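Asker: Need a 3D model of the following:
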Amino acid sequence: MHKDPLVRPVNPDSTRLQLSRRGCAQLAQHPFWREAESRLRDRFVYIREQQGPRLEHGIAQYGQPIQLAPRSIQLVWSVGLLAYLAQPRATLEFWAGLLRPSGLLMFVTLGPDSLRQFALDLDDADQLKHVPGHPDMHDIGDALVGLGLADPVMDVEWIEFTYSSSELALTDIRTLGGNPLLARPAGLSGRGWRDRVLQALESQRRAGSIRLRIELVFGHAWAPDPNTRTAKPDPAAPQPVVWASRGRKDP
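Answerer: Prediction:
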């Protein structure tokens, strides 16, 4: 049976509990997510978007019911929400259904390279026990095509957050969501495990600072407009996804 690459092995109840403790509105204002939104806005500047109703569906709206008519929204804007979901595909489908013809979806989430070295240092190469993983941008782009969205564009950037101590780095990792994995070790961890986690973070010290490497995945796509005449597509032909390069090097 083919595994859905957009299904993440996380416990939604654990995610909900951890986010409720931190406060979704407060988490949305974390410097990391504010930087992610700033970079998403950089992309929006170059897009010609029609005026109309907008929906902001980001971390601050996590778990809130949204009751809107299908095909009623011109712009769906999301910062970070997909990074906290067990099944991002369902939310992508929800967004696609809300868009008016020629409506625009724009989002940013985490990519699979986020905290990857930290996971490896904890012997969690599959990222099933200690450090949650995230879908690849190619799989997200394929999902957008599968939902019938037009002209999807996906790209990535890497950013680093620096810390003076491993304790501060660990606090920030916990603040940003912690560990909601289904296969996480049961029970409370002892001091020995905490020391190992801090040592794994300490091993990422460069030039005097601990550097945590995060991959941001950006995407946007349009709802098709049935009134726009285009050549009839061949259903057997692969649909294009633009993997945009922005000339930014991997740090």
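
Asker: tell me the helices in the stretch 101-250 of the chain, going along the chain?
Answerer: Using DSSP state H, counting those that start in this stretch, the helices of the stretch 101-250 of the chain run over 116-121, 137-146, 166-175, 191-202.

Asker: Give me the packing partners of the longest one, helices and strands only.
Answerer: Using 3 or more Cβ pairs under 8 Å, 6 or more residues apart in numbering; DSSP states H and E, the elements in contact with helix 191-202 are helix 116-121, helix 166-175, strand 209-222. (Glycine included, C-beta is placed from N, CA and C.)

Asker: Which among the ones you listed is found nearest to R48?
Answerer: Set against R48 and scored by Cβ to Cβ, the helices and strands packed on helix 191-202 come closest in strand 209-222, at 10.8 Å.

Asker: Next, the angle helix 166-175 makes with the closest one.
Answerer: In terms of direction (axes from the mean of the first three to the mean of the last three Cα atoms, to 10 degrees), strand 209-222 departs from helix 166-175 by 20 degrees.

Asker: Sort out which residues of strand 209-222 are buried, please.
Answerer: By 16 or more other Cβ atoms under 10 Å, the buried positions in strand 209-222 come out as 210-222.

Asker: now stretch 142-157
Answerer: Within stretch 142-157, the residues that count as buried by 16+ other Cβ under 10 Å are 142-145, 147, 149, 152-157.

Asker: same thing with stretch 8-19?
Answerer: The neighbour-count check on stretch 8-19 (16+ other Cβ under 10 Å) flags 8-11, 14-15, 18-19 as buried.

Asker: for stretch 119-128, same thing?
Answerer: 119, 121-122, 124, 127.

Asker: can you check stretch 191-207 too?
Answerer: Neighbour counts using 16+ other Cβ under 10 Å place 197-198, 200-201, 204-205 of stretch 191-207 among the buried residues.

Asker: Dump these into JSON lines; add distance to V108 and pLDDT as well.
Answerer: Shown next, in JSON lines, are the buried residues of stretch 191-207 (distance: Cβ to Cβ, whole Å; pLDDT from 0 to 100):
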{"residue": "V197", "distance to V108": "27", "pLDDT": "96"}
{"residue": "L198", "distance to V108": "29", "pLDDT": "97"}
{"residue": "A200", "distance to V108": "27", "pLDDT": "97"}
{"residue": "L201", "distance to V108": "25", "pLDDT": "97"}
{"residue": "Q204", "distance to V108": "23", "pLDDT": "95"}
{"residue": "R205", "distance to V108": "28", "pLDDT": "96"}
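
Asker: if we take the residues you listed, which one ends up nearest to G133?
Answerer: A200 (16.3 Å).

Asker: Surely that closest one touches L115?
Answerer: No. Look at A200 against L115 with Cβ atoms under 8 Å: they stay out of range, at 10.2 Å.

Asker: shared neighbours of those two, anything?
Answerer: Common neighbours of A200 and L115, using Cβ atoms under 8 Å, 6 or more residues apart in numbering, do not exist here.

Asker: shaky segments in the stretch 1-150 of the chain?
Answerer: 1 (pLDDT under 70).

Asker: now with 80?
Answerer: 1-2, 48-50 (pLDDT under 80).

Asker: What ranges does it have for its strands?
Answerer: For the stretch 1-150 of the chain, the strands defined by DSSP state E, counting those that start in this stretch occupy 54-56, 73-79, 99-110, 150-163.

Asker: so how far is L40 from G58?
Answerer: Note on G58: its distance to L40, by Cβ to Cβ, to the nearest Å, is 10 Å.
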